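A.B. asks: Coordinates only, no sequence provided:
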Ligand code: AMP
């Protein structure tokens, strides 16, 4: 197995691009946020512990999410390329991941940074709507559902994620700047950083092109 790490601010398009690559390039998508939201919904001990951190826009403890990622990776013997979306989120997690990869003979293909200005990120997040039933994502500006407020896939009423409210979004961006931005230098020094301008709509093509160059 090899790993592509997706880096970028909340709302930079990581989730959208990962879903697209999973469909078109057969790359498996593992989102730490989705794993955690699944655990919260299922009421597991990890989910109960994570809930308050998540709702306030803070990071959950490193070992909590690292254990969930390790369990998922260990259970996955088939996948060739795994796209990690949302993990690692700080340098401590990057080091946990490096050890997990070394122990399991997994290689790092690259860390792919979606570079998007804050103003674009805030606009994208404020338009974001999700389906609480099936997890499908929409955006009132760029990817509206066919019927306003209703999930195209399952017909449930769409909601705004608790951590997508304006106050929490600003806090998440501050957390990103303080904790996650240092990863850019971390992977640059490891010669693994690939940067894609994520502010335009043809992101899918740009990311695919970047990945082809390093495959
Ligand atoms: P996301 O969907 O990636 O924006 O993640 C939603 C929330 O889940 C974040 O605001 C954090 O509270 C939590 N979370 C996701 N991934 C991590 C991680 N790698 N480390 C700590 N907390 C995380």
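C.D. replies: Now that the structure is in, tell me what you want to look at. In this text, all values refer to a predicted model and were calculated from it rather than measured experimentally.
A.B. asks: Nearest spatial neighbour of the residue in the chain that the ligand sits nearest to, chain-adjacent residues omitted?
C.D. replies: Residue nearest to the ligand within the chain (Cβ to the nearest ligand atom): residue 33, separated by 2.1 Å. Just so you know, the C-beta spots here come from the backbone N, C-alpha and C atoms, and that holds for glycine as well. The shortest distance from residue 33 to any residue other than its chain neighbours is 4.9 Å, reached at residue 86 (Cβ to Cβ, 6 or more residues apart in numbering).
A.B. asks: Tell me where the protein has strands.
C.D. replies: In the chain, the strands defined using DSSP state E lie at 2-7, 28-31, 81-85, 107-115, 128-130, 137-139, 193-197.
A.B. asks: Quick check: which ranges of the chain have low pLDDT?
C.D. replies: The chain contains residues with pLDDT under 70 at 201, 214-215.
A.B. asks: could you redo the last one with a cut-off of 90?
C.D. replies: When residues are selected by pLDDT under 90, those of the chain lie in 10-27, 56-57, 74-80, 117-126, 135, 137, 141-143, 161-172, 197-215.
A.B. asks: interface residues of it facing the ligand?
C.D. replies: If contacts are counted using Cβ under 6 Å from any ligand atom, the residues of the chain sitting beside the ligand are 10, 32-33, 36, 53-54, 57-60, 65, 86-87, 89, 93, 163, 172.
A.B. asks: Weed out the non-buried ones from those.
C.D. replies: For the residues of the chain next to the ligand, a neighbour count by 16 or more other Cβ atoms under 10 Å gives the buried set as 10, 32-33, 36, 53-54, 57, 59-60, 65, 86-87, 89, 93, 163, 172.
A.B. asks: farthest pair in the residues you listed?
C.D. replies: Of all pairs drawn from these, the one with the largest separation by Cβ to Cβ is 93 and 163; the distance is 18.7 Å.
A.B. asks: Burial check on residue 26, number of neighbours?
C.D. replies: One way to gauge burial is a neighbour count; for residue 26, by other Cβ atoms under 10 Å, it gives 10.
A.B. asks: how close does it sit to residue 1?
C.D. replies: 13 Å (Cβ to Cβ, to the nearest Å).
A.B. asks: Report the set of residues contacting both of these two.
C.D. replies: Residues touching both residue 26 and residue 1 (Cβ atoms under 8 Å, 6 or more residues apart in numbering): 80, 81.
A.B. asks: Got the phi and psi for the residue of the chain most remote from its centre?
C.D. replies: Farthest-out residue of the chain from its mean C-alpha position, per Cα atoms, centre = their mean: residue 147, at 26.6 Å. The phi and psi values for residue 147, taken as degrees, to the nearest 10, are phi -110, psi 130.
A.B. asks: Just put the strands of the chain in TSV and tack on mean neighbour count.
C.D. replies: Compiled in TSV, those are given as follows (neighbours: other Cβ atoms under 10 Å):
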stretch	mean neighbour count
strand 2-7	22
strand 28-31	20
strand 81-85	21
strand 107-115	19
strand 128-130	20
strand 137-139	18
strand 193-197	17
